[in-house]
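Colleague: Predicted model and sequence below, questions to follow.
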Amino acid sequence: MLTPDAKRSQLAEEYRLIKRPLLMNVDKKGADIVDNANMIMVTSALPGEGKTFSAINLAMSIAMERDRTVLLVDGDVAKPTAAKRLGIEAELGLTDLLDGSCDSVADVLVHADVANMRILPAGRRHERATELLASERMSMVMAELSTRYSDRVVIFDSPPLLLASESAVLAEMMGQVIMVVAAEQTGQHAVNEGLARLGEDKIIGLLLNKYRPGLGNRYGTGYRYGYGYGYGYGQAPTADESAAQPGV
C-alpha cells in the first residue's frame, strides 16, 4: 500500500498517472463533463481482482495532493475490508448512518493517520443493505458527502458488480466509476456484463491490475482516456515470469 511518507516508487508513479485524469474530471477540465465527478466508485466484475487495493491506493495518492481532501467510504457492506486493511476496527459506519442508528456523518467518520484523509467504515451488517443504499436517506448523505467541502474527493470501495446488487445502486449516484480488471484472470464476458450494469451518464474507466509487462514495455501499451480509458498496473517480472497479455 502507498504511504504519504514513502519514497518515490513505481507504485506511487502509477497512481499519479491514474489519478490525474480523474482529478481533471473533478475540476471539469477533462474530456467529458459530468455531475458528481468528485464521487468515484472503484469496483470489479468479480472478487479477487484488486478493487480494495486500488481504492485504498487511489485515496492515498489523492491525499498527497496539496489542495485536496479525500474521504474513503467502505461501501462493500456485505464484505467490508477497506477499513480493516487500514487498521481501523470501528463498529459503526455507513449502514448505521442510513438506518438511523447514528444521527450524523460526523458520528461515524474516522480520522486516519494520513493528513487530508478520512474513512467512513461500512458499519454493521444489515439484511436490507440494498434498500438502505437506495433510500432517500442515502441520497441526502451522498449530497452531504459530495458538497460539504469544495476540495473533497469521495472514493467508494464497492462490492463486485456480478455478485451484489448494491454496486449497481451505488453506481447510479456516481460521476466516475473505475472498474478494476485482473490481467490473465477476468474473462471478457465478465467485463462486458459488469460494464452493462453501470448505466450511463458517468465516466467509466478500466484499470488493468496484476499486469506483468515484458522488457521494453514496462508500463503496458499506453494510457487512453474517455468512456473506456485504460491504465496498466505494472510489476517488474522475475526471472521465471513470462510477459503477460492484457485480459481485455
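Modeller: Good, I have the coordinates.
Colleague: Pull the contacting residues for the residue nearest to the spatial centre of the chain.
Modeller: Nearest to the mean C-alpha position of the chain, counting by Cα atoms, centre = their mean, stands residue 42 at 2.6 Å. Residue 42 makes contacts with 51, 52, 54, 55, 58, 155, 156, 157, 158, 177, 178, 180, as judged by Cβ atoms under 8 Å, 6 or more residues apart in numbering. All C-beta spots, glycine's among them, are computed from the backbone N, C-alpha and C.
Colleague: for this protein, what spans make up the helices?
Modeller: Secondary structure of the chain (DSSP state H): helices located at 10-26, 51-63, 82-85, 94-98, 129-133, 136-147, 166-171, 188-196.
Colleague: Go through this structure and flag its longest strand.
Modeller: strand 203-211 (DSSP state E).
Colleague: chain center to it: distance?
Modeller: 11 Å (Cα atoms, centre = their mean, to the nearest Å).
Colleague: What is it packed up against?
Modeller: On a contact count with 3 or more Cβ pairs under 8 Å, 6 or more residues apart in numbering; DSSP states H and E, strand 203-211 meets helix 10-26, helix 51-63, strand 176-182, strand 229-234.
Colleague: how about these, which one is nearest residue 111?
Modeller: Residue 111 sits nearest to helix 51-63 of all those, at 12.2 Å, using Cβ to Cβ.
Colleague: what's in contact with the closest one?
Modeller: 1-4, 11-12, 15-16, 18-19, 22-23, 40, 42-44, 68-70, 72, 76, 81-82, 85-86, 114-117, 153, 155-158, 160, 178, 180, 207, 209, 233.
Colleague: One more pass at 7 Å, please.
Modeller: 1-2, 4, 15-16, 18-19, 42-44, 68, 70, 72, 81-82, 85-86, 114-117, 153, 155, 157, 178, 180, 207, 209 (Cβ atoms under 7 Å, 6 or more residues apart in numbering).
Colleague: still on that earlier bit, ok, and which of the helices of the chain has the densest surroundings?
Modeller: helix 51-63 (a mean of 24; mean count of other Cβ atoms under 10 Å).
Colleague: That one versus helix 10-26: what angle between them?
Modeller: 70 degrees (axes from the mean of the first three to the mean of the last three Cα atoms, to 10 degrees).
Colleague: quick check: mean pLDDT across helix 51-63?
Modeller: Averaged across helix 51-63, pLDDT comes to 95.
Colleague: thinking again about what came up before, what's the closest of the helices and strands packed on strand 203-211 to residue 99?
Modeller: Per Cβ to Cβ, nearest to residue 99 of those: helix 51-63, 23.7 Å.
Colleague: Would you pull up how far that closest one lies from the middle of the chain?
Modeller: Per Cα atoms, centre = their mean, the centroid offset for helix 51-63 relative to its chain is 7 Å.
Colleague: Quick check: pLDDT value at residue 137.
Modeller: For residue 137, pLDDT reads 92.
Colleague: Quick check: the gap between it and residue 174.
Modeller: Noted for residue 137: a distance of 18 Å to residue 174, by Cβ to Cβ, to the nearest Å.
Colleague: rewinding a little: let me have the helices of the chain in CSV, extended by distance to residue 213.
Modeller: What follows is the helices of the chain, written out as CSV (distance: least, Cβ to Cβ, whole Å):
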stretch, distance to residue 213
helix 10-26, 11
helix 51-63, 18
helix 82-85, 26
helix 94-98, 37
helix 129-133, 37
helix 136-147, 36
helix 166-171, 29
helix 188-196, 20
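Colleague: do you know which of those helices lies nearest residue 123?
Modeller: helix 94-98 (3.7 Å).
Colleague: Mind listing residues that contact the closest one?
Modeller: Helix 94-98 has contacts (Cβ under 7 Å, 6+ apart) with 73, 75, 77, 102, 105, 108, 120, 122-124, 126, 129, 132, 135, 137-138, 141.
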